[in-house]
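Chemist: prediction below, plus the sequence it came from.
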Amino acid sequence: MQANNYWSSTSNANNPDNAWIVNMWNGNVNNNNKSNNNNYVWPVRAGEWLPPLFSFENLYRNYLTCRKHKRNTINCLKFEINAEENLLNLSEELQQGTYQPTRSVCFMVERPKMREIIAADFRDRVVHHILVERLESIFEPVFIYDSYACRKDKGLHKAVERLRGFIRQGSRNGRKRLYFMHLDIKNFFMSIDKEILYRIVEKKVGDEQMRSFAHTIIFHRPTDHCIIKGKKHLRERIPVQKSLFSAPENRGLPIGNLTSQFFANVYLNALDQFVKHTLKCRYYVRYCDDFVILHESPEFLTEAKEKISGFVSRQLNLSLNEKHGRILPVSNGIDFLGYIIREDYLLVRRRVVNNLREKLEWFQQRLISEHDGLRIIRYDYELINRLRSVIASYFGHLKWADAYRLKQTIIQRYSFLREYFHFDNDKVIPRNYAIKPTHLFSSVKSQYLHYANMFKGMFMFFQVGCFFECYSEIKAEVQNILGLRSITARTRPVTYGFPVRLEKEYAGRLLRKGLPVVIIKETGRYLGRIKERLPVAKLIPQEG
């Protein structure tokens, strides 16, 4: 079958077995006919039909989902070059039962703490989306409400809000003494027993093809032939018990895959059911392997901890982290998911704030420099975009807490941020000169005037070929300092100009007189018929 003719083929459209494809993509699915075709699977969301498990249609749909936030990665781009052919080959392998995952990539991350990430190839990520989508339709109905990691309409902030609600309920708005116990699983992802995990999946999945598919993913060893990237010395800082390379046979799932996140919920669902229905803990919130239990009796919590420890050991072959588990009044504050949660307000963990400060200092060193009475503000657009993402991410975390003064303090302390952005509540909005212009200019002069309006009060070094040129009148003071004379050019409306080789000398003259300078240079690319020119740096003389 030719992939590029797949959707338009008359034979496909007229074939009764494929007619549903045309209807699905045209929005004409009739839900009343679900019993007419055994290949249909009732989906995650009511009213939406899912195509056969390993069909091209299903792979293509999940491919589009998978690439949403990965489209600029190398692996995604390689796959996308021959996407249709790759998906057809993948569909054939899955249907014939010959599919095997390819090599994974291992790298280290240092924040928020040192971790080993093992990420699947993009091809395998598409397969992971297919598996998780089908298993979600089976397991979601049996998950408890208060499990918040990697689930639709859940998440970290909803877990925090739920816990705050529990504090208010359990303490009757602070009128009753309430205690909490914060527990987590020791080396959770590295300790998951694959045999136990597969038995859980096998028990709930009736289809043999799905079981075989899940078995392939669960028992795959991503450390085999793994490509290791990044700084090698960071691997030495990973404790042995936190590395998948050191995990015993059939133990451990890689941090970094969609399937691992989903299987974590599947694996710990037994714990959720035990805590809620056997121990009768009303106030219980779990996010991945972190969970908190509230109760008015510290004795109840002490007993619950012993029972939970025994349960996870016997049933799940896991153990609790000895560092956690102290029973304290909620008035002390609950350290959970990056926040300190109290009865009537929410604070951000000190570690989160310190991490933000470290990152801002790193960016400041690369964008701003001061020496010999001169302040240099650089315009590295890739770096500025990364800075914006970091600030937006952290401010998104801060907005859920009572952190207005903290945000103002950060903005004041790192005043260089205002050179590139202005802040509107929780929004980080780039200034005009911190964004590459994308519109087309009709002439070099209009491009010059665009930047002249942007950098008012500054003398612009505007590069045109081997010269810096001016297209408007300049102050007599600047003319005298630089010794410029008016130019009459027939081809361009140039008023003044000087060679690029005199950049440092001329900039020095202006700066010594206390006049700021902005340097705009050619990039070599074109915006329409006009060369792209971007600010490189702003030079500001400092007083004193």
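Modeler: Now that the structure is in, tell me what you want to look at.
Chemist: can you check what pLDDT the model gives the residue most central in space within the chain?
Modeler: Centroid-nearest residue in the chain, with CA atoms, centre = their mean: residue 69, separated by 8.2 Å. Listed pLDDT for residue 69 reads 73.
Chemist: list the contacts for the closest residue in space to residue 94 that isn't next to it in sequence?
Modeler: Closest residue in space to residue 94, ignoring its immediate chain neighbours: residue 54 at 4.0 Å, by CB to CB, 6 or more residues apart in numbering. No exception for glycine: its C-beta is placed from N, CA and C like everyone else's. Residue 54 sits next to 91, 94, 95, 130 when contact means CB atoms under 8 Å, 6 or more residues apart in numbering.
Chemist: try 6 Å this time
Modeler: If you count contacts by CB atoms under 6 Å, 6 or more residues apart in numbering, residue 54 has them with 91, 94, 95.
Chemist: cool, and residue 143?
Modeler: Neighbouring residues of residue 143 by CB under 6 Å, 6+ apart: residue 269.
Chemist: list phi and psi for it.
Modeler: Dihedral pair for residue 143: phi -70, psi 150, per degrees, to the nearest 10.
Chemist: before we move on, what about residue 462?
Modeler: Dihedral pair for residue 462: phi -110, psi 110, per degrees, to the nearest 10.
Chemist: start the count at 268, not 1, going forward
Modeler: Taking 268 as the first residue, the last one we looked at is residue 729.
Chemist: show me what it is bridged to.
Modeler: Using DSSP bridges, the beta-bridge partners of residue 729 come out as residue 787.
Chemist: residue 762 reaches residue 745, doesn't it?
Modeler: No - counting by CB atoms under 6 Å, residue 762 does not reach residue 745; the two are 11.8 Å apart.
Chemist: now do the same for residue 370: helix, strand or coil?
Modeler: The local conformation at residue 370, judged by DSSP: H, G, I helix; E, B strand; the rest coil, is coil.
Chemist: how about residue 708, what does it touch?
Modeler: The contact partners of residue 708, by CB under 6 Å, 6+ apart, come to 714, 797.
Chemist: part of a strand, is it?
Modeler: No - if the criterion is three-state DSSP, then residue 708 is coil and not within a strand.
Chemist: got phi/psi on it?
Modeler: Main-chain dihedrals, residue 708, degrees, to the nearest 10: phi -100, psi 140.
Chemist: check the gap between it and residue 794 for me.
Modeler: Applying CB to CB, to the nearest Å, the value for residue 708 to residue 794 is 7 Å.
Chemist: quick one, helices of the stretch 368-517 of the chain?
Modeler: Under the criterion DSSP state H, counting those that start in this stretch, the stretch 368-517 of the chain carries helices at the ranges 389-406, 423-437, 455-458, 461-471, 475-485, 499-502.
Chemist: now the ones you listed in CSV, with distance to residue 714, mean pLDDT and mean neighbour count?
Modeler: Below are the helices of the stretch 368-517 of the chain laid out as CSV (distance: least, CB to CB, whole Å; pLDDT from 0 to 100; neighbours: other CB atoms under 10 Å):
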stretch, distance to residue 714, mean pLDDT, mean neighbour count
helix 389-406, 39, 92, 21
helix 423-437, 44, 94, 18
helix 455-458, 53, 93, 22
helix 461-471, 60, 94, 15
helix 475-485, 54, 92, 17
helix 499-502, 45, 74, 12
